[in-house]
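Asks: Here is my input, please return the structure:
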Amino acid sequence: MASRDNHNRWLLRARDFIDTHYADRLLVDDLARIAHLSPAHFARSFQRAFGETPHQYVMSRRLERAAFLLRHTDYTVARICSDVGLRSVGSFTTAFRNTFGETPSTYRGDQAAFSFLAFVPSCVAEAWERPRMRRIEEDAAAPAG
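Replies: This is a model prediction of the structure:
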């Protein structure tokens, strides 16, 4: 039982590292080293523990931060893309639209238009707005429209 607790503790340390370094170039090999696991075992264990692959988790952190920056700054989409650790504005826009259902520019406009309607505690708003990465299997299983 103690080794299982240590295993989970190291996975949590790797996840915490992602949370604080999401904008950096993160490699599975480096994250696995933090977790004291082989890269393949780390990737499997991380997904089993947190319900997302390491890549999905990194992307969700990056997109969550991007959404915050869109709501609270006047930075350009290109700057936000760079600030959250992504290199391609096109890929960023596609990932953002797949997660939030609209482009970053549209999201910013919608947030500004409705910001006066209600004052919601930030902890509630952040929990509601945290992106959930869709699984490929869910997309494949969905009936064609």
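
Asks: where's the residue positioned nearest the centre of the chain relative to H36, distance?
Replies: Residue closest to the average C-alpha location in the chain (C-alpha atoms, centre = their mean): S60, at 1.1 Å. As judged by C-beta to C-beta, to the nearest Å, S60 and H36 stand 24 Å apart. The way it works is simple: take the backbone N, C-alpha and C, and place the C-beta from them, glycine included.

Asks: that older thread, where's the residue nearest to the centre of the chain, which helix or strand?
Replies: helix 54-72 (DSSP states H and E).

Asks: Show me which residues of that helix are buried.
Replies: 54, 56-67, 69-70 (16 or more other C-beta atoms under 10 Å).

Asks: Verify the stated contact: the residue nearest to the centre of the chain with E52.
Replies: Yes. With contact defined as C-beta atoms under 8 Å, S60 counts as touching E52 (6.8 Å).

Asks: So what touches stretch 69-80?
Replies: A66, D83, V84, V89, F92, T93, P104, S105, Y107, R108, Q111, S115 (C-beta atoms under 8 Å, 6 or more residues apart in numbering).

Asks: how long is it from one end to the other?
Replies: This stretch, stretch 69-80, spans 7 Å end to end (C-alpha to C-alpha, to the nearest Å).
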